[in-house]
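Peer 1: How does the following fold in three dimensions:
(2 chains)
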Amino acid sequence: DAGITQSPRHKVTETGTPVTLRCHQTENHRYMYWYRQDPGHGLRLIHYSYGVKDTDKGEVSDGYSVSRSKTEDFLLTLESATSSQTSVYFCAIKSTGANYGYTFGSGTRLTVV
Amino acid sequence: QKEVEQNSGPLSVPEGAIASLNCTYSDRVSQSFFWYRQYSGKSPELIMSIYSNGDKEDGRFTAQLNKASQYVSLLIRDSQPSDSATYLCAVNMRSGGYQKVTFGTGTKLQVIP
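Peer 2: Numbering: from 1, shown residues only, chains lettered A, B, ... in the order given. Here you go, the predicted model:
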């Protein structure tokens, strides 16, 4: 087990409220990613981080911000939630070694009403 | 043209048969290719990675890569009902000034007992 956890697992929030999702890893991986998954769109990259305080935008970053103040934690914030941000959010870390794919967290199902 | 394209399925095969899943990609210089399996309501899990032209075998799974045709496939031999899932193809490709992994929307596989 890669030791990656996401919280909360489920959340319902109202339009216009800020929401923060947390990703925590225990294996000191440098690269961390936030994706959203929607029917018909697959997994789309929101933001990623390549080190403490080092982050960059992905393809669907509008309306989202991230922070990484410690190696183990990568936070995703929806500054003012909209219904279009209803989705399943996955955090991922980049594995090391010969099979260097991603390991995903269990996901957060977010509903904006 | 989508960057990574997969037939959404569902692909139905009888138990014990070979399931063949296909993926095409647009970036000719992509170097790394991955297959993930995602059960309904769960997070994606890495099952295969391939970097060189040809075949790579791991148990009942074989990944095939043809860079000239920009085509990668996954064969599942002796398919089992437990293989029923959505299979995501992922390709490491250039995006702006950095490398990123782009996912296809997935092919749903149904193995019929």
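
Peer 1: And the strands in chain B?
Peer 2: Counting by DSSP state E, chain B has these strands, from start to end: B:4-5, B:11-14, B:19-25, B:32-38, B:45-50, B:54-58, B:61-66, B:71-76, B:85-95, B:98-103, B:107-112.

Peer 1: Kindly report the same for chain A.
Peer 2: Taking DSSP E to define them, one finds strands in chain A at A:4-7, A:10-13, A:19-25, A:32-38, A:42-51, A:54-57, A:64-70, A:73-78, A:87-94, A:102-104, A:108-112.

Peer 1: Make a markdown table from these and add mean pLDDT to it.
Peer 2: Below are these laid out as a markdown table (pLDDT from 0 to 100):
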| stretch | mean pLDDT |
| --- | --- |
| strand A:4-7 | 96 |
| strand A:10-13 | 97 |
| strand A:19-25 | 97 |
| strand A:32-38 | 96 |
| strand A:42-51 | 93 |
| strand A:54-57 | 93 |
| strand A:64-70 | 97 |
| strand A:73-78 | 98 |
| strand A:87-94 | 96 |
| strand A:102-104 | 94 |
| strand A:108-112 | 98 |
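
Peer 1: Let me have these in JSON lines, extended by distance to B:Gly9 and mean neighbour count.
Peer 2: In this view, the C-beta of every residue, glycine as well, is placed from N, C-alpha and C. As requested, the strands of chain A are exported to JSON lines (distance: least, Cβ to Cβ, whole Å; neighbours: other Cβ atoms under 10 Å in any protein chain shown):
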{"stretch": "strand A:4-7", "distance to B:Gly9": "28", "mean neighbour count": "18"}
{"stretch": "strand A:10-13", "distance to B:Gly9": "27", "mean neighbour count": "13"}
{"stretch": "strand A:19-25", "distance to B:Gly9": "30", "mean neighbour count": "19"}
{"stretch": "strand A:32-38", "distance to B:Gly9": "17", "mean neighbour count": "24"}
{"stretch": "strand A:42-51", "distance to B:Gly9": "13", "mean neighbour count": "20"}
{"stretch": "strand A:54-57", "distance to B:Gly9": "32", "mean neighbour count": "15"}
{"stretch": "strand A:64-70", "distance to B:Gly9": "30", "mean neighbour count": "16"}
{"stretch": "strand A:73-78", "distance to B:Gly9": "30", "mean neighbour count": "20"}
{"stretch": "strand A:87-94", "distance to B:Gly9": "20", "mean neighbour count": "22"}
{"stretch": "strand A:102-104", "distance to B:Gly9": "21", "mean neighbour count": "23"}
{"stretch": "strand A:108-112", "distance to B:Gly9": "23", "mean neighbour count": "18"}
